[in-house]
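**Q** Starting from these lines, generate the structure:
(one chain, ligands or ions: 1)
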Amino acid sequence: MKFLKFTLPLFLICTLTLTAQNSLINPDIENRIESLVQQMTLDEKIGQLHQVSGYNENLKQQIQQGKIGSFLNVKGATATNEIQRIAVEESRLKIPLIFGLDVIHGYRTIFPIPLGEASSWDPDLVERTSAMAAREAAASGIHWTFAPMVDIARDPRWGRIAEGHGEDPYLGSVLAAAKVRGFQGKSLNDPFTIVACPKHYVAYGGAQAGRDYHAVDISINTLREIYLPPFKVAVDAGAGTIMSAFNELNGVPTSANLFTLTQILRNEWGFQGFVVSDWNSIGELLNHGIAATPAEAGIKALLAGVDMDMMGFVYANNLADLEKQGIISEKTIDEAVRRILRIKFQLGLFEHPFINPEFEKTTVLSKENLALARESAQKSIVLLKNDNQLLPLNKNIKSLAVIGPLADNRHDQLGCWHCEGKDIDVVTVLEGIQSKIPTEKIRYTKGCEVQGGSEKEILKAVEIAQNVEAAILVVGESADMSGEAASRSSLDLAGYQKKLVKAVYETGTPTVVVLMNGRPLTIPWIAEKIPAILETWQLGVQSGNAIADVIFGDYNPGGKLPVTFPRTVGQVPIFYNHKNTGRPSGSDKFTSKYLDVPVTPLFPFGYGLSYTKFKFSNLKVTVEKTDDMTKIFAGVEVQNIGDRIGDEIVQLYVQDVVASTTRPVKELKRFRRISLEPNEKKKVEFQLNTNELGFYNQNLEYVVEPGVFKIWVGPSSVQGLEGSFELTDN
Ligand code: NOJ
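**A** Below is the predicted model of the structure:
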């Protein structure tokens, strides 16, 4: 087997990494760091590595003594300024604190949950919402967000799937980079940018059985091809920090993992920022059973490459003794201190440690922010089904029922990790609909709770549904059913919701199901019977307006699923980029399948409909060679053949047909969201470099092998025009 030359592409990858991360290295700053490190006592150094959650008066003295380097969960310009003042005016070396917070999908203006926003397949949008979140957070005294969450998740039982970008490493990488750019802007020194923290490094989403915090046992190939790429791209984009995770990876907890934290992150990728542990993940090394004492845990974490201890108190309580005993050298501690100080200098905290409280008042929840929240909510909605064009509804409709536990619910639309988001900021679906048609035409009832209910409530819903022209049913999950520590063994609608949907459907009134959820749900009955279905995830403060815009056709939905929807939880893990097996599923009994359910998903990755129709034609694929590079060009024409303006997300997939290790049946390599007027036709051209067609071989070397590749360009992972090209080794 011959390999294509890949020296140049790999060299290129390294250069890119070093360039972006190198911008974190500035000779003046390095000098200032050195001079500070020279002056610091051991206790002051260890203080920089110690992060505490929340402030209370008892901590004042520790700040004055330089024993705390960072806070999380302290927010607001007044509070952060006051605490910062203690650090920069009352501590010996006046080193500023860095304030971190989980600004995951907005600070006060809450945007769609990340899985929802990933459905927009729109990196420009994602960059803008991240920049807006950074602005609000920075105006409120925050310097650092524990985001983006870039864990690939192939198991919807895992509640944290809501916090990331779904199952695909390429889509996940593009959006990870967009978020880093959005949060960090052009310069960390800009007072309205904050430093990003891609998390949870690494493979946290691979938890066995979808159970949060559970062990992860995967091949190094899968680690490198599926779970690492979004982190790599985020590092390339200049991310200043990384969070190590809770999980173990192939027997070594990721918060004590020299291979991932030092060999890969620092040595291979050239990461120059600092690593923070997840909450007490250093202390949890005892539970993992790789450390007998907190001191031992501290040694393992620090030597592996974790610089800051979040709420573990392990470094603060043990490092000084370990240094005195000669077990940990001061040099090792100095290195972690340097990395943390580097980011503090980059943020300009030494020059402007405070934030003007006036900014907070004018920035947070401004009109401009709300307009962006509405745009991102609109773009994140996925139309799953629309038989006989039931949607959009005509605004002249005579009567409309709005039913469901989430129809007039504010809180749950904020989703998990809604930071400073407040229920009162949220527009509900009922309110959104009320702004479109006269209130007297609308009849509302809850029907049931998300996780409970009664026959009586359902009867009331039926009574209402019987007497209207159409019914909107808003069902799904509450905010606390996804996110951290929110794994589920069932992906069905909970409580009385299934009953409610059936009862309303049986009235014969045309029914639209609006789903609000933090993960793919198993809804085979709904998918079969209900004529129109909208997947709206949890869309944040402008949820109701965006959903009403879509229901009445003021916005034509164009989102696509960033994750596969299974038919039943028994199919999990199910993802589009799987391997073929020696016996691909077929009519023969002895092929890879189930006796009781098809192998195909209910809704595939990349899928989503529109109120208009698009036609793909004229796929042209060419391979162009120059002396040192081979490039693949794929062009396609896309035409809007319906009568409404609409967005299509053009997706390009490839398959390496024969290789030295098995390859996925399809891999997403490019996509573009385009907007087309009725009848408008656009040519969409993609360019791929050969180094993007490689994989890790049996020797764990990254190789691009010659041979035939299939290529598809189309509207989802299961449709598209097919072509092929060949890579040769000369
Ligand atoms: C634990 C979570 O795993 C992590 O995502 C978060 O950033 C920290 N807690 C801090 O809140």
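**Q** can you count the residues close to the one residue in the stretch 601-730 of the chain that gets nearest to the ligand?
**A** Here the stretch 601-730 of the chain gets closest to the ligand at one residue, residue 605, 24.7 Å apart by Cβ to the nearest ligand atom. Heads up, the C-betas are built off the backbone N, CA and C, glycines and all. As a burial measure, residue 605 scores 26 neighbours (other Cβ atoms under 10 Å).
**Q** Please give the element, helix or strand, for it.
**A** Using DSSP states H and E, residue 605 maps to neither a helix nor a strand.
**Q** Give me the pLDDT value at it.
**A** Residue 605 is assigned a pLDDT of 99 by the prediction.
**Q** Find the nearest non-adjacent residue to it, please.
**A** residue 576 (3.9 Å; Cβ to Cβ, 6 or more residues apart in numbering).
**Q** picking that back up, which residues touch the residue of the stretch 601-730 of the chain closest to the ligand?
**A** Neighbouring residues of residue 605 by Cβ atoms under 8 Å, 6 or more residues apart in numbering: 166-168, 561-564, 575-577, 668, 716-717.
**Q** Sitting in strands, which of those residues do you find?
**A** Applying DSSP state E to the contacts of residue 605, the entries found in strands are 668, 716.
**Q** ok, the contacts of residue 605 vs the ligand, which is closest?
**A** For the contacts of residue 605, the nearest to the ligand is residue 166 (17.3 Å; Cβ to the nearest ligand atom).
**Q** Phi first, then psi, for the residue lying closest to the closest one once chain neighbours are set aside.
**A** Using Cβ to Cβ, 6+ apart and skipping residues adjacent in sequence, the residue nearest residue 166 is residue 562, 3.1 Å away. The phi/psi pair for residue 562 (degrees, to the nearest 10) reads phi -90, psi 10.
**Q** again, but for the one 10 residues further on
**A** With angles defined as degrees, to the nearest 10, residue 572 shows backbone torsions of phi -70, psi 140.
**Q** What about it, how many residues nearby?
**A** Residue 572: 19 neighbours (other Cβ under 10 Å).
**Q** correct me, but it touches residue 155?
**A** Yes: counting by Cβ atoms under 8 Å, residue 155 is a contact partner of residue 572 at 5.6 Å.
**Q** what is in contact with these two at once?
**A** residue 210.
**Q** that older thread, list the contacts for the residue nearest to residue 166?
**A** 115, 118, 119, 121, 165, 166, 167, 168, 171, 605.
**Q** related to what we said a few turns ago, now that we have the contacts of residue 605, can you turn them into TSV and tack on pLDDT?
**A** Below are these laid out as TSV (pLDDT from 0 to 100):
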residue	pLDDT
166	98
167	98
168	98
561	99
562	99
563	98
564	98
575	98
576	98
577	98
668	98
716	98
717	98
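**Q** just the contacts of residue 605 that are near the ligand?
**A** With Cβ under 6 Å from any ligand atom as the criterion, the contacts of residue 605 include none near the ligand.
**Q** how about TSV for the contacts of residue 605, with distance to residue 322 added?
**A** Shown next, in TSV, are the contacts of residue 605 (distance: Cβ to Cβ, whole Å):
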residue	distance to residue 322
166	42
167	42
168	43
561	49
562	44
563	44
564	47
575	43
576	48
577	45
668	46
716	55
717	51
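**Q** which of the contacts of residue 605 are buried?
**A** Buried members of the contacts of residue 605, scored by 16 or more other Cβ atoms under 10 Å, are 166-168, 561-564, 575-577, 668, 716-717.
**Q** Now residue 460: phi and psi?
**A** Given degrees, to the nearest 10, the pair of backbone angles that residue 460 has is phi -60, psi -40.
**Q** residues near it, how many?
**A** Quick note: residue 460 (other Cβ under 10 Å) scores 15 neighbours.
**Q** pLDDT score for the nearest residue to it once chain neighbours are set aside?
**A** Once flanking residues are discounted, residue 460 sits nearest to residue 445: 5.3 Å by Cβ to Cβ, 6+ apart. Note for residue 445: predicted pLDDT of 98.
**Q** okay but residue 445 is in contact with residue 405, surely?
**A** No: assessed by Cβ under 8 Å, residue 445 is found out of contact with residue 405, at 10.3 Å.
**Q** ok, those two, which is more surrounded?
**A** With neighbours defined as other Cβ under 10 Å, residue 445 and residue 405 compare such that residue 405 has more, 28 against 19.
**Q** Just give the nearest non-adjacent residue to that one, would you?
**A** residue 450 (4.7 Å).
**Q** before we move on, what about residue 169?
**A** residue 229 (4.3 Å).
**Q** Double-check the one you found against residue 172; I have them as touching.
**A** Yes: Residue 229 lies in contact with residue 172 (Cβ under 8 Å); the separation is 7.3 Å.
**Q** okay, these two: which has more neighbours?
**A** A side-by-side neighbour count of residue 229 and residue 172, using other Cβ under 10 Å, places residue 172 first with 29 against 18.
**Q** Next one: residue 364 from residue 102, what distance?
**A** 17 Å (Cβ to Cβ, to the nearest Å).
**Q** Which residues belonging to stretch 640-657 are considered buried?
**A** 640, 642, 645-656.
**Q** what's the closest residue to the ligand within the stretch 501-650 of the chain sitting at in phi/psi?
**A** Closest contact between the stretch 501-650 of the chain and the ligand, by Cβ to the nearest ligand atom, is at residue 518 (14.7 Å). Per-residue torsions, residue 518: phi -100, psi 10 (degrees, to the nearest 10).
**Q** measure it to residue 264 for me?
**A** In terms of Cβ to Cβ, residue 518 sits 30 Å off from residue 264.
**Q** ditto for residue 210
**A** Taking Cβ to Cβ, one finds residue 210 at 25 Å from residue 264.
**Q** Could you check which of those two is surrounded by more residues?
**A** Shown here are residue 210 and residue 264; by other Cβ under 10 Å, residue 210 has more neighbours (25 against 22).
**Q** my read: the more buried one touches residue 154, true?
**A** No: counting by Cβ under 8 Å, residue 154 is not a contact partner of residue 210; they are 9.2 Å apart.
**Q** The residue of the stretch 151-300 of the chain found nearest the ligand: neighbour count?
**A** Nearest to the ligand in the stretch 151-300 of the chain, going by Cβ to the nearest ligand atom, is residue 279, at a distance of 4.0 Å. Neighbourhood size, residue 279 [other Cβ under 10 Å]: 18.
**Q** got it, and residue 330?
**A** For residue 330, using other Cβ under 10 Å, the count is 13.
**Q** The protein against the ligand: which residues are in contact?
**A** 72, 102, 146, 199, 278, 279, 484.
**Q** Of those residues, which belong to strands?
**A** residue 72.
**Q** any idea which of the residues of the chain next to the ligand has the most stuff around it?
**A** Going by other Cβ under 10 Å, residue 199 tops these with 26 neighbours.
**Q** Contact partners for the spatially closest residue to that one that is not a sequence neighbour?
**A** In this structure, residue 199 finds its nearest non-sequential neighbour in residue 243, 3.6 Å apart by Cβ to Cβ, 6+ apart. Applying Cβ under 8 Å, 6+ apart, we find residue 243 in contact with 146, 197, 198, 199, 200, 201, 275, 276, 277, 278, 310.
**Q** who touches the closest residue to the ligand within the stretch 351-500 of the chain in this structure?
**A** The nearest approach of the stretch 351-500 of the chain to the ligand comes at residue 484, 5.4 Å away (Cβ to the nearest ligand atom). For residue 484, the contacting residues are 159, 160, 163, 212, 416, 417, by Cβ under 8 Å, 6+ apart.
**Q** Next, format those as TSV and append pLDDT.
**A** TSV is the format used below for those (pLDDT from 0 to 100):
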residue	pLDDT
159	98
160	98
163	98
212	98
416	98
417	97
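**Q** Farthest pair within those residues?
**A** 212 and 417 (14.0 Å; Cβ to Cβ).
**Q** Counting neighbours around each, name which of these two comes out higher.
**A** More neighbours surround residue 417 than the other of residue 212 and residue 417, with 24 against 17 (other Cβ under 10 Å).
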